[in-house]
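Visitor: Show me how the following folds:
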Amino acid sequence: MSLSEPDNHAPAATGGRVATLGGGLIGRSWTVLFLAAGKSVAVHDPDPATEARVKETVEEAWPVLTALGLAKTDEPQGDLIVCDDPRAAVEGAEFVQESIPERIALKHELYRTIEPALGADTVVASSASGLTLGELQGGWRRPARFVLGHPFNPPHLIPLVEVMGNELTDPGVVERTRRYYESVGKVTIEVRREVPGHVANRLQAALWREAIHLVNEGVATVDDIDTAVSSGPGLRWAVMGPTRLFHLGGDDGGLAAFCERYGDSFNRWWDDLGTPRLDDATAASLVEGLSAATNPEGIRALAAQRDALLTAVVAATHGTGTHTSAPAVRRTDLGTPEEGSA
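Guide: So this is what the prediction gives:
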């Protein structure tokens, strides 16, 4: 799909040029995804090692993208261009994905630099997770085509993108952005009101808060709590969200019957949930309980295991072709960032 067309409801098309601003973990992952979709990608990052790191990421991720049906060729067909100047990166781009570190002054400086070089209809999306759209818009003279486009890490593998505009966003831009992401294999939701952390990060923060509370109270170990999630409800959450699952838990009566049957229990559990703080002592306790956290080789092995399992899960839950070939591309039940995502 080309976002350079003036029609906010233009149909999807192949090819085109994308700019990715930021060559860290999230930015490189976005770059390889856009390359897999047949785009030419211009990357900007001041790190002189950016080109080598991006090419390494492409080499590592391409087999996964091929397995998921997102990459249709043995190697990228579009150009990969590394630019020292962000203005050169965005020139001629139909879409820009910004993933630089979450420092508001740094982002504002970048926005002021690139705004004069953007095409009249180019959309810029930020991967930000810790900053709000309203805060980010302060760096723009006219933020009409600037949106939030928050992914989950790693973006080339996890389908979800949270998209948000507000009263300063031109009509139709959020919808265009969602369709653009979907054209490269993503699954989108719209964030309709500004809250810290958007949607998915708040959900996982709520779960982790209770996991930490259970550790602090001596209810279970870090490893056992992780096992409880990954071998229990986490398996169900990979295919449906909590409300739909509880709808099925009500048998023929559906969600209404479930709420009637278990309402008192949930209210009791909610009243007893903890409110820990992620201070130094809590962090040290969690690290101590997670043996792999102090072993770099162990971390890399865990990451490889995660990616292999996620590839299988995504292939099973989002179709054997591309994500966009799945029956419900906008399923609303699906749920160390240098920028953007956890």
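
Visitor: Can you tell me who the residue most central in space within the chain pairs with across the strands?
Guide: When CA atoms, centre = their mean is applied to the chain, the residue found nearest the centroid is Pro151 (1.5 Å). With DSSP bridges as the criterion, Pro151 is bridged to Val161.

Visitor: Packing partners of the helix ranked longest in the chain?
Guide: As assigned by DSSP state H, the longest helix anywhere in the chain is helix 296-317. On a contact count with 3 or more CB pairs under 8 Å, 6 or more residues apart in numbering; DSSP states H and E, helix 296-317 meets helix 50-67. No exception for glycine: its C-beta is placed from N, CA and C like everyone else's.

Visitor: and the nearest residue to Ala117 once chain neighbours are set aside, how many residues sit next to it?
Guide: Closest residue in space to Ala117, ignoring its immediate chain neighbours: Arg87 at 4.0 Å, by CB to CB, 6 or more residues apart in numbering. Using other CB atoms under 10 Å, Arg87 is surrounded by 15 other residues.

Visitor: And the one 10 residues further on, by the same measure?
Guide: Using other CB under 10 Å, Gln97 has 28 neighbouring residues.

Visitor: same check, this time on Thr177
Guide: Thr177 - counted by other CB under 10 Å - has 27 other residues nearby.

Visitor: elements contacting the host helix or strand of it?
Guide: If you go by DSSP states H and E, Thr177 is part of helix 173-183. Judged by 3+ CB pairs under 8 Å, 6+ apart, helix 173-183 is in contact with strand 123-126, strand 146-151, strand 160-164, strand 187-190.

Visitor: Could you dump those into CSV with distance to Leu273 added?
Guide: Output for the helices and strands packed on helix 173-183, formatted as CSV (distance: least, CB to CB, whole Å):
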stretch, distance to Leu273
strand 123-126, 32
strand 146-151, 26
strand 160-164, 25
strand 187-190, 25
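
Visitor: Can you tell me which of the ones you listed is packed in deepest?
Guide: Most buried of the helices and strands packed on helix 173-183 by mean neighbour count (mean count of other CB atoms under 10 Å) is strand 146-151; its value is a mean of 28.
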